[in-house]
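S.K.: Predicted coordinates and the sequence they were generated for:
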Amino acid sequence: MEDSIDLIPGGGVTSPRGFLAGATSAGIRDKYIGRLDLGILCSQVTCTAAAVFSTNKVKAAPLILSEQKLQKNKVRAVVINSGCANSNTGKQGIQDAQQMGEWAALQVGTTADEVQVSSTGVIGTYLPMERIRSGIERIVLSAEGGHELAQAIMTTDTVPKEVAVKAGDFVIGGMAKGSGMIHPDLATMLCFLTTDADVEVNFLKKSLREAVDVSFNMLSVDGDNSTNDTVLIMANGGAGGEKITAGNRQARIFGKALEKVCLHLTKEIARDGEGATKLIEITVCGAASDTEARTAARTIVSSSLVKAAVHGSDPNWGRVVAAAGRSGAELVTDKLELEIGGIRVVNGGEPVPYDKEKVVKHMDGQEVLMKLDLHLGNGKATAWGCDLSEEYVTINSDYTT
């Protein structure tokens with residue numbers, strides 16, 4: 001079917017035509033010597049590109065540089081490192097980011113202004129530039145290299161996050177990293193998307209923003225927002241065919257395919273939250289508007305009390321209702337209806353008899369689903385997060401030592 005969107009088994013960021021990648025171990029952090037931590041993603045031709053970046057007022061040097069370069073909306077490659085965020089590093093950090101881009105450009109065979117630079121890791125440390133230089137020179141680019149690159153961008157992640165879908169004649173691939181410092185307004189992550197579709201730049205920007213708004217911007221792990229957040233998409237036109245623009249026959253399917261990729265990666269990040277044992281999915285419906293539903297869903301999934309209750313499989317539904325009440329979204333208490341795992345526990349804002357053992361059994365699983373109906377309108381939104389465990393504190397108590 002023309003409108004079918006199919007997952008590509010084992011797919012990733014190099015699944016679309018004309019994309020190559022590679023990674024190496026540069027030893028950026030002595031603590032992780034031997035681990036992949038530096039890589040390049042590139043297209044064989046210059047791409048139309050779009051991105052969204054962190055809303056944090058403290059922005060890392062590579063993000064500042066990449067925002068400036070992206071004003072031309074043309075990208076050939078991106079060089080990425082983990083282990084050091086190159087954030088709060090002053091003029092030296094900007095110079096180091098520029099140098100990374102220049103070295104990567106030489107390796108790819110392009111100009112530095114077509115190379116995006118991205119970093120993730122510890123804030124307030126300088127990049128080991130000699131290790132970066134020698135590492136870039138060792139990177140071998142291939143159509144299979146996307147899997148290694150997805151590992152190289154990991155920090156506290158426990159698994160790489162990759163996906164690709166085929167929709168008609170074109171493919172969209174993606175990879176992401178993110179485990180901690182994840183919160184709405186882009187969340188905190190690096191995400192790189194590729195497509196061999198030929199996409200007009202303004203439509204590409206619009207499609208990316210819309211996909212991010214219903215996926216990454218509805219994701220929260222711990223309420224913290226980082227300095228390096230980036231979601232970048234590169235479109236090289238390798239599939240041929242008609243250019244995709246707003247309103248043409250391919251526009252709708254492209255938007256749906258991009259959203260599917262972003263949603264998949266969002267859920268993978270939520271599952272892999274630092275110390276997480278469960279994925280939480282909160283759907284708010286019956287809101288006065290979609291915006292109101294988004295506000296309530298984001299607040300609930302970000303609540304430490306809700307997350308702690310989920311970790312303990314405790315159906316303490318009062319925490320969900322209280323979070324919705326402080327979210328700022330319009331609601332009427334005696335209209336609230338809440339389900340946990342499809343079992344209604346609140347109706348008309350009051351408790352109703354329910355099988356507690358069944359609810360606890362559902363919450364003992366790897367995915368905890370909740371639905372809050374405000375009964376005020378047609379607004380609807382879903383947010384994703386994870387439980388809050390003791391392991392989260394352990395991970396973040398010695399991250400730099």
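M.R.: Yep, it's here.

S.K.: CA only for contacts and neighbour counts going forward, please
M.R.: Fine.

S.K.: would you list every one of the strands in the stretch 151-300 of the chain?
M.R.: Counting by DSSP state E, counting those that start in this stretch, the stretch 151-300 of the chain has strands at residues 161-167, 170-177, 190-195, 219-220, 230-235, 279-287.

S.K.: how far away is E210 from F254?
M.R.: 12 Å (CA to CA, to the nearest Å).

S.K.: which of these two has more neighbours?
M.R.: Taking other CA atoms under 10 Å, E210 and F254 do not tie; F254 has more neighbours (25 against 15).

S.K.: Now do the contacts for the more buried one.
M.R.: A167 (CA atoms under 8 Å, 6 or more residues apart in numbering).

S.K.: go on, A105?
M.R.: A105 makes contact with A77, T111, A112, E114, V115, according to CA under 8 Å, 6+ apart.

S.K.: What count of nearby residues applies to the nearest residue to S43 once chain neighbours are set aside?
M.R.: Nearest residue to S43, sequence neighbours excluded (CA to CA, 6 or more residues apart in numbering): F19, at 4.4 Å. By other CA under 10 Å, 29 other residues sit near F19.

S.K.: Please apply the same query to G240.
M.R.: Other residues close to G240 by other CA under 10 Å number 12.

S.K.: Quick one: low-confidence residue ranges for the stretch 251-400 of the chain.
M.R.: Along the stretch 251-400 of the chain, segments meeting pLDDT under 70 span 273-275, 389-400.

S.K.: Just want to check the distance between L336 and A323.
M.R.: In terms of CA to CA, L336 sits 13 Å off from A323.

S.K.: how long is stretch 121-131 end to end?
M.R.: Where stretch 121-131 begins and where it ends lie 16 Å apart, using CA to CA.

S.K.: contact partners of that stretch?
M.R.: 26-28, 82-89, 93, 96, 155, 400.

S.K.: Which of the residues you listed fall in strands?
M.R.: S82, G83, C84 (DSSP state E).

S.K.: separation between the second one and S119?
M.R.: I take that to be G83. From G83 to S119 the distance is 8 Å (CA to CA).

S.K.: In this structure, spot the strand with the most residues.
M.R.: Longest strand in the chain, counting by DSSP E: strand 38-53.

S.K.: That strand: partners in the sheet, and parallel or antiparallel?
M.R.: The pairing partners recorded for strand 38-53 under DSSP bridges are strand 19-24 (antiparallel), strand 74-84 (antiparallel), strand 230-235 (antiparallel).
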